[in-house]
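> The sequence and its predicted three-dimensional model are supplied below.
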Amino acid sequence: MRDAETGFAVLILAAVFLFGGKLQAHRHRWRRAGISAAAGASMAYVFVQLMPELAEAGKVYVGAAAQRAMALAETHVYLAALAGFVFFYGLEHMVAWSRRTGSTGDEGSRGSDPIFLLHVGGFAAYGALVSYMMVRGIGEASVPVILYALAMALHFLSVDHSLRREHGVAYERLGKYLLAAAVVAGWGCAMAVRVPEATVAVLLGLISGGVIMNSMIMELPREKEGRFWAFFLGAAAYAIILLLLVARTGVSEGSGS
């Protein structure tokens, strides 16, 4: 049953990249409001769900590494999160440097520019990891697959919007297909390969750093483009859903004890 759920969810994630550009057909005002609402929901997921999961991943990693006498094992997952954060900051810095220096030539519109390939390639790896973790997370899933998929779909909608704005024709011709394929490939890899739990904890750290960084640089309003009330409503609605789910789970566990 869960395999079918994750399979359906990964198709939704891939569809965000394939068809996210359809939002461009709507009026700018409502498109920007939709992006802001999606950003708010994604940020609610980061603070209400992802950070507690990161703390749990740290405990799992320490337990798994106990027999190896690894120095400062309790910090490794957080260092992975820092690495994910720095990696995506580096990607954005690289793209900004390329734009300032004009080092992207005509090949950029054809998808052969190295900056474009590195930028999209980094996000392809990111999308694959997100799909992998949807199947091979830490312990029991604390939220239904559909809620995880919804949060990541909204997050990917902002990623798609940013990459489409940054790379234009090259993204439309090649980038979106690479990202959609990477998301599906990550799910397929998870179905075929199970890695040690300590490795899963580190991967969750990498993803957490990436989600936090990308939420900051892509989803928070830029130059008055954002719609605060849409952002606020998206954050509040998704946070309430998560909190109600946590409260309901806690009541159910208490009743069963």
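Good, I have the coordinates. Numbering: from 1, shown residues only.
> Could you use CA atoms for every contact and neighbour count after this?
Will do.
> Run through the helices of the stretch 101-250 of the chain in chain order.
Assigned by DSSP state H, counting those that start in this stretch, the helices in the stretch 101-250 of the chain fall at 114-135, 145-167, 169-170, 176-192, 197-214, 228-256.
> From L118, how far out is A83?
Between A83 and L118 the computed distance is 17 Å (Cα to Cα, to the nearest Å).
> who's more crowded, those two?
With neighbours defined as other Cα atoms under 10 Å, A83 and L118 compare such that A83 has more, 18 against 14.
> so what's the more buried one closest to, chain neighbours aside?
Spatial nearest neighbour of A83, excluding adjacent residues (Cα to Cα, 6 or more residues apart in numbering): L206 at 6.5 Å.
> Dead centre of this structure: give me the residue that sits there.
For the chain, the residue sitting closest to the mean C-alpha position, by Cα atoms, centre = their mean, is V211 at 4.8 Å.
> what sits against the closest residue to it other than its chain neighbours?
Excluding its sequence neighbours, the residue lying closest to V211 (Cα to Cα, 6+ apart) is V46, at 7.4 Å. With Cα atoms under 8 Å, 6 or more residues apart in numbering as the criterion, the residues that contact V46 are S208, V211, I212.
> close enough to count as contact, the last one and F85?
Yes. I212 is in contact with F85 according to Cα atoms under 8 Å; the separation is 7.0 Å.
> Name all residues that make contact with F232.
A37, G40.
> circling back: out of the helices of the stretch 101-250 of the chain, which is closest to A55?
Each of these was scored for nearness to A55 using Cα to Cα, and the closest is helix 197-214 (9.5 Å).
> quick one: low-confidence parts of the chain?
The chain contains residues with pLDDT under 70 at 1, 23-31, 69, 103-112, 138-142, 218-226, 249-257.
> can we see that at 80?
Of all residues in the chain, those with pLDDT under 80 make up the ranges 1-2, 21-35, 64-72, 102-112, 137-143, 216-227, 246-257.
> Would you mark the buried spots in the host helix or strand of Y89?
Secondary structure from DSSP states H and E places Y89 in helix 76-101. Residues of helix 76-101 classed as buried: 76-78, 80-89, 91-92, 95 (neighbour count, 16 or more other Cα atoms under 10 Å).
> repeat for stretch 227-242
Using 16+ other Cα under 10 Å as the test for burial, stretch 227-242 gives R227, F228, A230, F231, F232, L233, G234, A235, A236, Y238, A239, L242.
> Specify which member of those residues is nearest to Y132.
Of the buried residues of stretch 227-242, the one sitting nearest to Y132 (Cα to Cα) turns out to be L242, at 21.8 Å.
> Please verify my assumption that the closest one contacts S42.
No. Counting by Cα under 8 Å, L242 stays clear of S42, with 11.8 Å between them.
> Please tabulate the contacts of V46 in JSON lines, including the columns distance to R164.
Rendered in JSON lines, the data for the contacts of V46 read as follows (distance: Cα to Cα, whole Å):
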{"residue": "S208", "distance to R164": "23"}
{"residue": "V211", "distance to R164": "18"}
{"residue": "I212", "distance to R164": "20"}
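> Tell me how far I241 lies from G90.
Separation of I241 from G90 (Cα to Cα) stands at 34 Å.
> Put the alpha carbons of the helix or strand in which G63 is found into PDB.
According to DSSP H and E, G63 maps onto helix 51-65. The C-alpha atoms that make up helix 51-65 are tabulated as PDB, following Å, rounded to 0.1, in the frame of the first residue of the first chain:
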ATOM      1  CA  MET A  51      13.600  20.400  12.400                       C
ATOM      2  CA  PRO A  52      12.200  17.800  14.900                       C
ATOM      3  CA  GLU A  53      13.000  15.100  12.300                       C
ATOM      4  CA  LEU A  54      16.500  16.400  12.100                       C
ATOM      5  CA  ALA A  55      16.900  16.100  15.900                       C
ATOM      6  CA  GLU A  56      15.500  12.500  15.700                       C
ATOM      7  CA  ALA A  57      18.000  11.700  12.900                       C
ATOM      8  CA  GLY A  58      20.800  12.900  15.100                       C
ATOM      9  CA  LYS A  59      19.800  10.500  17.900                       C
ATOM     10  CA  VAL A  60      19.600   7.600  15.400                       C
ATOM     11  CA  TYR A  61      23.000   8.400  14.000                       C
ATOM     12  CA  VAL A  62      24.600   8.500  17.400                       C
ATOM     13  CA  GLY A  63      23.000   5.100  18.300                       C
ATOM     14  CA  ALA A  64      24.200   3.600  15.000                       C
ATOM     15  CA  ALA A  65      27.700   5.000  15.400                       C
END
